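**Q** after the sequence you'll find the predicted model.
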Amino acid sequence: MAGKITLDLTDDNDILVSVGILKDLPILQVSKMTISNWINDGLPYDMQGKRRTFPISKAIKWLIEHGKIDVSTEILDEIDRTELPPDLRDKLASAELKEFKLQKEKGLLIDRDEVERKGFEIGKKLKDNLKTIPIRLSDELANLNDVHTIRSRLEDEVNKILEDITKDIESAV
C-alpha cells in the first residue's frame, strides 16, 4: 500500500489527474460519460487551458460524500478519516458496526472474550491431562523394563491427548 490518502481541502498542491486517470482508478473503474455526469452533479475540477483536471483529494472526498464510492470497499483502509465530515464518519462507523454484528450472527466473527475463555479452558485441559499421565500410567509403566517401550507408550499417550485437544480446538471454531 502506498499510504493513506489525505483529504486535505486546504492543500493548494493537490495532485491533479486527467479524466482518463480518474475514470480508471481501481476504486472507480467508470466511463468518461459517468465522469461527465458527476461533473454536472458537482464533482470538483480545475481547468488547465481547455482541459479539465481533478484535484484527487477533493474528487475522492466528493465521491465518498455523494455515495459514488462504496464505503464498504478497501478504500476505507487508506483514507484518513479525520478529514471526512463528522456526519460521514458517523455513517461509516455505523455501517461498520452493522457489518460486524452481521458477521457475528453468521458465525464469521467470534467475541474476543469468548476466544480467550475457550483458549484458557483448552489450555487447562491440556495441562491437566499431561500432569495426570504419571498417575494413569504408573502401574503399566512399572511393569515395563525397556526404555524404548516406555518412551513409545508415553509418546502414544501424549499424541492421544494432543488429538483430543485438537478436536476441542476444531469444535470451538
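**A** Cool, got the structure. Since the structure is predicted, the reported quantities are computational estimates derived from the model, not experimental observations. Residues are numbered from 1 along each chain as shown.

**Q** residue contacts, residue 161?
**A** Residues counted as contacts of residue 161 (Cβ atoms under 8 Å, 6 or more residues apart in numbering) are 126, 129, 130, 133. In short, each C-beta sits where N, CA and C put it, glycine included.

**Q** ok, the first one - how many residues close by?
**A** For residue 126, the tally of surrounding residues (other Cβ atoms under 10 Å) stands at 16.

**Q** got the buried residues for the helix or strand bottoming out on mean pLDDT in the chain?
**A** The weakest-scoring helix or strand in the chain, judged by mean pLDDT, DSSP states H and E, is helix 86-105 (a mean of 77). Neighbour counts using 16 or more other Cβ atoms under 10 Å place 91, 92 of helix 86-105 among the buried residues.

**Q** over to stretch 44-61?
**A** 45, 52, 53, 54, 55, 56, 57, 58, 59, 60, 61.

**Q** pLDDT on it, on average?
**A** What stretch 44-61 shows for mean pLDDT is 87.

**Q** what's the end-to-end length of it?
**A** Stretch 44-61 stretches 10 Å from its first residue to its last (Cα to Cα, to the nearest Å).

**Q** walk me through which strands the lengthiest strand in the chain pairs with, and which way each runs.
**A** Counting by DSSP state E, the longest strand found in the chain is strand 51-55. Neighbouring strands of strand 51-55 in its sheet, by DSSP bridges, are strand 16-17 (antiparallel), strand 46-48 (antiparallel).

**Q** off-centre distance for that strand?
**A** How far strand 51-55 lies from its chain's middle: 34 Å, per Cα atoms, centre = their mean, to the nearest Å.
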